[in-house]
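Asks: The sequence isn't on hand, but the structure is:
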Ligand SMILES: Cc1cc2nc3c(=O)[nH]c(=O)nc-3n(C[C@H](O)[C@H](O)[C@H](O)COP(=O)(O)OP(=O)(O)OC[C@H]3O[C@@H](n4cnc5c(N)ncnc54)[C@H](O)[C@@H]3O)c2cc1C
Ligand code: FES
């Protein structure tokens, strides 16, 4: 994993105008900004809607002149984002966090909107295999963006692509000795990432996973995002197999806004 970049970074929110909005799926939109940030694959920015909240979002499109993030409307903050129009302004600071390493012979396993955290990595890699899944067709994003990639799609209900889970496809792929895979990268629901981790451990393949935790400051001050002894916003959000193997919280526990540690189920239902 590479170190956090300092290039063009700002810890004070800059009010930036939304230059464009792209509908990526039924309830997912990308928000584009004509502004330069120095960003590495897997990093995130803190997005502030004055009077509502401030939350982390992965940088999902990036070049030297513009960047975007992709939000799925699920709760108070993301539904407020969903109502914004081109020309509205958002407070943005960052980018924050570490970044994915860039290795060839890579396989990417993404679930739902988790693909947004992997997208700048996919853009930087040479022909990775992309295994992408979601609950149903309406939860899939970037189908046009990645239509020419080496991609296998699955949905839990069979409404698009293969019926089943991304982890079944990964297990089959890694189980075939003919397939050369140096590293697997993953982001999505933590239950999926835990299974990906177990499969990679069994097959002796390296893994980097981007974890999602409650974040407040984004730069290591408040402690809201602790995962065991790691601070997700500065030590992560990307962790490798060696780190994940020592993280008892991974796939099991997360912290609420109050700081109380609860099961992942309670974490997701308590938002
Ligand atoms: C490093 C990092 C990067 C992130 N990048 C993105 C991103 O690129 N795009 C994005 O949409 N979100 C991303 N998130 C999550 C984001 O910050 C918000 O927490 C999330 O979108 C929900 O915020 P909310 O206030 O709208 O919903 P909440 O009120 O927090 O949640 C409402 C309901 O939605 C469920 N929920 C929460 N998050 C998700 C989710 N991701 N998928 C499905 N259901 C969910 C909750 O369990 C709850 O039931 C990232 C988080 C981290 C830590
Ligand atoms: S969000 Fe404050 S320490 Fe990570």
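Replies: That came through, no problem. Here the structure is a predicted model, which is why all the values come from computation and not from measurement. Ligands and ions are numbered 1, 2, ... in the order given.
Asks: The residue of the stretch 51-200 of the chain found nearest ligand 2: which element?
Replies: Of all residues in the stretch 51-200 of the chain, residue 56 sits closest to ligand 2, at 8.0 Å by CB to the nearest ligand atom. The C-beta positions use only the backbone N, C-alpha and C, and glycine is treated the same way. If you go by DSSP states H and E, residue 56 is part of strand 53-62.
Asks: Not counting its own residues, what contacts that strand?
Replies: 13, 30, 32, 37, 39, 42-48, 67-71, 76-78, 80, 91, 95-96, 116-117, 119-120, 123, 187, 210, 215-216, 218, 233 (CB atoms under 8 Å, 6 or more residues apart in numbering).
Asks: ok, now with 7 Å
Replies: Applying CB atoms under 7 Å, 6 or more residues apart in numbering, the contact partners of strand 53-62 are 30, 32, 39, 43-48, 67-71, 76-77, 95, 116-117, 119-120, 215, 218.
Asks: Enumerate the residues of this protein near ligand 2.
Replies: When proximity is defined as CB under 6 Å from any ligand atom, the chain approaches ligand 2 at 215-218, 220-225, 231-233.
Asks: and the residues you listed near ligand 1, which?
Replies: Within those, those near ligand 1 by CB under 6 Å from any ligand atom are residue 215.
Asks: For the residues of the chain next to ligand 2, which single residue is the most surrounded?
Replies: Neighbour tally across these (other CB atoms under 10 Å): the maximum, 28 neighbours, falls on residue 233.
Asks: which residues does that residue contact?
Replies: Counting by CB under 7 Å, 6+ apart, residue 233 has contacts 96-97, 215, 218-220, 225.
Asks: and with 6 Å instead?
Replies: Residues in contact with residue 233 (CB atoms under 6 Å, 6 or more residues apart in numbering) are 96, 215, 218, 225.
Asks: burial measure for the residue in the chain positioned nearest to ligand 1, as a count.
Replies: Using CB to the nearest ligand atom, the closest approach of the chain to ligand 1 is made by residue 75 at 2.0 Å. Look at residue 75: counted by other CB under 10 Å, it has 11 neighbours.
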